[in-house]
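Novice: Return a 3D structure for these sequence lines:
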Amino acid sequence: MHQPFQTAAVLGAGVMGSQIAAHLANLGLAVDLLDLASSDGPQNSLVEGAFRKALQLSPPIFYSPKLRSRVRLGNYTQHFDRLREADWIIEAVVENLEIKQDLMARIEAVARPDAVISSNTSGLPIQAIAQGRSLAFRQRFLGTHFFNPPRYLKLLELIPGPDTDPQILDRMQFFAERSMGKGVVIAKDTPNFIANRIGMYVILQGIQTLAQQDYAFSEIETLTGPLVGRPKSATFRTADLVGLDTIAYVAKHLYQAIPEDEQRDQFKIPSMLVKLIETGSFGAKTGQGFYKKVKREILALNPQTFAYETQTPPNLPGLKDLLTIEDLSERLRAMYADPGRIGKFFRTSMLKIFSYCAHRIPDITDSPAAIDRAMRWGFGWELGPFEIWDVLGFQRVVQAMQQDQLDVPAWILAMAERQVAGFYSPVQMTEAGPVQRVQTPRQSLTLEPPQDVIDLKQVKADPERVIWHNSESALLDLGDGVVLFEFRSKGNTLSLKVLEGFETAMDLLGDHPYLGMVVGNESPHFSGGANLVEMGTMAQEGNVEAIQQLIVSFQDLLQRMHEFPKPIVAAVQGRALGGGCEFVMACPHVVAAAESYLGLVELSVGLIPGAGGITRLVSEVTQRAASESPSHIQPFLVQAFETIAMAKVSNSAYEAQDWGYLKPTDQILRTGDRRLAVAKETVQRLAQGGYMPPPKRAMVTVLGQPGRALLEMAAMQMLEGHYISEYDCFLAGQLAYVMTGGDLTAAASVPQSYLLQLERHRFIPLLRQPKTHARMDHLLKTKKPLRN
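Specialist: As a prediction, this is how the structure comes out:
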């Protein structure tokens with residue numbers, strides 16, 4: 001077992017340094033963040049200013065604002081000796097080799113002999129940074145290349161130097177994977193390592209294609225975005241986010257550093273990029289690059305005139321048909337076979353990418369899997385280049401590359417001669433878990449299965465482990481007496497089919513000798529909440545009885561889960577909104593990924609929470625008060641009221657816990673990939689300990705009409721401050737009525753069933769409101785809330 005890091009020092013408080021320091025504080029480390037002493041005014045003014053700027057970043061760098069106190073600010077002149085306290089010292093200064101080397105000399109003079117030292121360089125040689133340092137220093141030195149923003153992007157490239165102790169590398173990998181939740185790729189010490197080497201090639205390819213004028217701006221964005229399993233930012237938005245000046249800087253230095261690269265010319269800075277940079281158009285940081293936002297409209301660059309114009313839709317015959325294909329692999333094969341402009345673009349660009357990636361092995365890495373993981377974890381691709389190659393057909397792609405007279409590496413030709421089916425072998429189940437092998441130039445390598453991770457794809461591949469299913473949900477056998485209920489609806493909404501399925505799952509759980517149940521899925525988000533299409537249709541048809549029965553059934557279902565005699569554990573990740581948040585709140589035990597975003601957002605669609613969310617939040621926050629005295633309860637209740645009234649969504653599971661959406665006893669994992677496995681272990685532990693469900697008929701303290709007056713005043717203040725609209729204020733009044741116990745004239749202790757009834761009685765009339773219908777329709781059409 002490796003010794004964990006408990007203290008860290010980050011040198012350099014720029015964009016990356018401040019964010020790395022914040023994220024280490026998120027993990028529980030005590031962190032020193034140092035930068036140059038200011039020549040004017042207080043010596044800490046530079047680091048304090050940089051850190052204040054980082055605190056304004058969106059999305060937030062801290063899991064919760066209260067974690068800021070774990071970062072201690074300082075400067076090199078007064079506080080460099082603080083490095084003696086650090087288990088891990090991270091250099092994150094400007095990409096200047098001489099500056100980094102000078103700093104390493106200073107670090108060596110004060111660092112403890114057992115401290116690990118790393119550089120967050122994005123491409124400078126690790127060996128050169130440590131040049132002139134002692135062997136003892138070089139043995140505990142390596143590159144740790146975080147991707148921006150480091151809290152949210154999974155990739156961490158570890159780059160050992162020639163003298164790095166393998167045990168130091170192992171320790172760092174273990175900590176990064178198990179404590180930080182990172183996806184680690186070991187890279188060789190080559191220019192820009194793996195992800196940026198390949199990613200920069202792909203971005204420049206898109207920019208050069210635009211300059212060739214064969215495809216329009218919007219067409220390139222469409223063909224390099226979600227359609228092919230890449231982020232919405234596609235090519236040009238990604239370039240703006242990275243910074244056009246940064247791209248030019250990296251491309252220039254890469255071109256100089258890779259004289260033997262067979263596609264070196266790809267890294268020549270395009271003249272279009274040069275012209276944009278000369279005019280100060282650096283991308284998002286200057287307000288314009290390939291895109292420019294003018295008022296509420298986002299304009300796109302005209303590459304001929306360099307003016308910004310309204311975006312035009314792509315002219316790509318066959319696009320509509322491709323968009324109907326949900327499975328990415330099937331869609332990619334259809335694009336490859338397309339006889340028109342879509343197919344031509346896709347084949348031309350991907351064949352060049354395949355050739356480039358294949359030639360980088362074994363130069364930058366020995367394994368195709370490292371490149372695939374780097375592009376998935378660092379650039380947000382759903383499939384990496386070699387995975388896409390396998391999807392399209394290994395032999396078919398090799399033949400196409402030869403027909404296009406692209407240079408095919410010898411090791412690829414050797415694979416083709418052996419009639420190898422692809423880079424990755426089929427997954428085989430072993431006692432240690434799923435095992436897969438990947439082809440490399442020398443031999444096939446076994447890919448180590450991730451530790452403590454349940455792969456639902458493998459579970460579902462075995463028909464005997466599918467206990468029950470309908471079109472939108474399933475009950476799966478995880479083994480060891482534990483079952484899993486999985487949402488499969490669009491957006492993991494709590495549709496009628498899902499609710500019916502969950503009722504069936506609890507019936508089966510109760511009727512059979514299972515220990516308990518996990519509720520979860522492998523989607524990016526746990527649940528988008530209620531199915532607004534179903535609810536809106538009922539409302540438009542005037543089917544009030546059906547809506548009322550739906551709300552009653554949902555409340556009863558969640559209450560049954562809460563009181564179930566066997567343990568039920570929700571494994572949460574990503575967004576859990578509206579009814580999805582109410583589901584999590586009702587579940588007696590939760591294992592949540594740190595990157596979980598919970599919120600009772602019903603007011604944004606013209607409703608109030610109606611499935612127990614109000615009741616449970618009032619119960620939770622009142623328990624946090626020092627006593628049942630109204631004066632003690634009021635501050636907690638006002639905060640909860642404002643959170644719902646403004647439809648706030650937590651920026652992490654920790655903040656959700658602060659707000660009362662998660663209980664203090666709920667587990668939070670920084671390694672979100674492990675949530676299903678930990679939830680299963682929790683079921684087993686609870687069952688083996690003699691499970692006792694939460695008590696029935698729980699009582700809740702409400703504040704009555706005096707409390708409602710206080711909440712209504714808070715709503716008026718939000719209205720006057722332009723935080724909410726007049727209709728929001730009306731909805732907030734309905735919310736206040738429920739939260740304080742309805743028409744009760746004074747504070748009282750009431751059963752939860754009383755508040756649940758109030759929720760129903762105030763929820764259903766709102767569905768008749770025209771402004772509520774407008775909000776629901778707008779959200780379904782635009783996926784954005786309407787503040788009417």
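
Novice: Tally up the residues packed near L767, please.
Specialist: 22 (other C-beta atoms under 10 Å). Yep, even glycine has a C-beta here, placed from its N, CA and C like the rest.

Novice: actually A421, not the one I typed
Specialist: A421: 14 surrounding residues under other C-beta under 10 Å.

Novice: Spell out the secondary structure type for it.
Specialist: Taken by DSSP: H, G, I helix; E, B strand; the rest coil, the conformation at A421 corresponds to coil.

Novice: Identify the residue spatially nearest to it, adjacent ones excluded.
Specialist: Here the nearest residue to A421 in space, its sequence neighbours aside, is F394; by C-beta to C-beta, 6 or more residues apart in numbering that works out to 6.3 Å.

Novice: Let me see the contact set for the most centrally placed residue in the chain.
Specialist: Central residue of the chain (C-alpha atoms, centre = their mean): Y152, 5.6 Å from the mean position. By C-beta atoms under 8 Å, 6 or more residues apart in numbering, Y152 lies in contact with 59, 595.

Novice: can you tell me which helix or strand it belongs to?
Specialist: When elements are assigned from DSSP states H and E, Y152 belongs to no helix and no strand.

Novice: State the distance from it to N26.
Specialist: Distance, Y152 to N26, using C-beta to C-beta, to the nearest Å: 11 Å.

Novice: Common neighbours of these two, please.
Specialist: By C-beta under 8 Å, 6+ apart, no residue touches both Y152 and N26.

Novice: What's the separation between the residue nearest to the centre of the chain and A571?
Specialist: In terms of C-beta to C-beta, Y152 sits 20 Å off from A571.

Novice: and E595, how many neighbours?
Specialist: Neighbours of E595 under the rule other C-beta under 10 Å: 20.

Novice: Ok, A698 next?
Specialist: 14.

Novice: Could you pull up the residues touching it?
Specialist: 619, 751-752.

Novice: same thing but at 7 Å, please
Specialist: 619, 752 (C-beta atoms under 7 Å, 6 or more residues apart in numbering).

Novice: Mind listing what's buried along stretch 14-33?
Specialist: For stretch 14-33, the neighbour count (16 or more other C-beta atoms under 10 Å) marks 15-27, 29-33 as buried.

Novice: ok, now stretch 267-281?
Specialist: Buried, per 16+ other C-beta under 10 Å, within stretch 267-281: 267, 269-270, 272-273, 276-277, 281.

Novice: where's it relative to the chain centroid, distance-wise?
Specialist: How far stretch 267-281 lies from its chain's middle: 32 Å, per C-alpha atoms, centre = their mean, to the nearest Å.

Novice: Can you pull out the residues in contact with it?
Specialist: 204, 207-208, 211, 244-245, 247-248, 251-252, 254-255, 286, 288-289, 303, 306.

Novice: And the pLDDT at the closest residue to Q131 other than its chain neighbours?
Specialist: Distances taken as C-beta to C-beta, 6+ apart place Q101 nearest to Q131, at 6.3 Å, with adjacent residues excluded. In the prediction, the pLDDT value recorded for Q101 is 97.

Novice: Quick check: phi and psi at S473.
Specialist: Here is the backbone geometry of S473 (degrees, to the nearest 10): phi -160, psi 170.

Novice: How many residues are close by the residue nearest to it when sequence neighbours are not counted?
Specialist: What sits nearest to S473 in space, not counting adjacent residues and going by C-beta to C-beta, 6+ apart, is G501, at 3.2 Å. By other C-beta under 10 Å, the residues close to G501 number 24.

Novice: now swap in P162 and tell me
Specialist: Other residues within reach of P162 by the criterion other C-beta under 10 Å amount to 9.

Novice: Okay, and it sits in which element?
Specialist: Going by DSSP H and E, P162 is not in any helix or strand.

Novice: pretty sure it is touching P125, no?
Specialist: No: here P162 does not reach P125: they are 10.6 Å apart, not a contact under C-beta atoms under 7 Å.

Novice: any residues in contact with both of the two?
Specialist: Joint contacts of P162 and P125 (C-beta under 7 Å, 6+ apart) do not exist.

Novice: check contacts around the residue nearest to A732 when sequence neighbours are not counted.
Specialist: Among residues not flanking A732 along the chain, A715 sits closest, at 3.9 Å (C-beta to C-beta, 6+ apart). Residues in contact with A715, defined by C-beta under 7 Å, 6+ apart, are 645, 729, 732-733, 736.

Novice: hmm, which of those residues are the buried ones?
Specialist: Among the contacts of A715, the ones that count as buried (16+ other C-beta under 10 Å) are 645, 729, 732-733, 736.

Novice: Could you single out the nearest of these to P113?
Specialist: Closest approach between these and P113, by C-beta to C-beta: A645, at 55.6 Å.

Novice: check contacts around the closest one.
Specialist: Contacts of A645 (C-beta under 7 Å, 6+ apart): 603, 715, 718, 724, 728, 732, 735.

Novice: which of the residues in stretch 610-628 are buried?
Specialist: Judged by neighbour count (16+ other C-beta under 10 Å), stretch 610-628 contains these buried residues: 610-622, 625.

Novice: same check, this time on stretch 230-238
Specialist: Those would be 230, 233-238, for stretch 230-238 by 16+ other C-beta under 10 Å.

Novice: what's the answer for stretch 148-160, then?
Specialist: So for stretch 148-160, counting by 16+ other C-beta under 10 Å, buried means 149-151, 153-160.

Novice: what's the spacing between the residue nearest to A421 and A416?
Specialist: F394 is 7 Å from A416, where distance means C-beta to C-beta.

Novice: Please convert the buried ones among the contacts of A715 to a markdown table, extending it with secondary structure and pLDDT.
Specialist: Below are the buried ones among the contacts of A715 laid out as a markdown table (DSSP: H, G, I helix; E, B strand; the rest coil; pLDDT from 0 to 100):
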| residue | secondary structure | pLDDT |
| --- | --- | --- |
| A645 | helix | 93 |
| C729 | helix | 93 |
| A732 | helix | 94 |
| G733 | helix | 95 |
| A736 | helix | 96 |
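
Novice: can you put the buried residues of stretch 148-160 in CSV and add distance to L97 and secondary structure?
Specialist: Below are those laid out as CSV (distance: C-beta to C-beta, whole Å; DSSP: H, G, I helix; E, B strand; the rest coil):
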residue, distance to L97, secondary structure
P149, 25, coil
P150, 22, coil
R151, 28, coil
L153, 25, coil
K154, 28, coil
L155, 24, strand
L156, 22, strand
E157, 18, strand
L158, 20, strand
I159, 15, strand
P160, 18, strand
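
Novice: Dump the buried ones among the contacts of A715 to a markdown table, plus distance to Y63.
Specialist: Shown next, in a markdown table, are the buried ones among the contacts of A715 (distance: C-beta to C-beta, whole Å):
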| residue | distance to Y63 |
| --- | --- |
| A645 | 24 |
| C729 | 31 |
| A732 | 28 |
| G733 | 33 |
| A736 | 30 |
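
Novice: Which helix or strand contains the residue nearest to A732?
Specialist: Take DSSP H and E as the rule and A715 turns out to sit in helix 704-720.

Novice: For that helix, the averaged confidence score.
Specialist: Averaged across helix 704-720, the pLDDT comes to 93.

Novice: and A9, what are its bridge partners?
Specialist: On the basis of DSSP bridges, A9 is bridged to D32, I89.

Novice: What is the burial count for it?
Specialist: 30.

Novice: again with I61
Specialist: 25.

Novice: quick one: contacts for it?
Specialist: 19, 22-23, 54, 151.

Novice: how does it look with 10 Å?
Specialist: Applying C-beta atoms under 10 Å, 6 or more residues apart in numbering to I61 gives the contacts 18-23, 25-26, 51, 54-55, 67-68, 149-152, 651.

Novice: likewise Q127?
Specialist: Counting by C-beta under 10 Å, 6+ apart, Q127 touches 138, 141, 143, 159-164, 189.

Novice: Which residue ranges of the stretch 451-600 of the chain form helices?
Specialist: 456-461, 496-511, 532-540, 544-562, 579-586 (DSSP state H, counting those that start in this stretch).

Novice: Kind regards, and thank you for your time.
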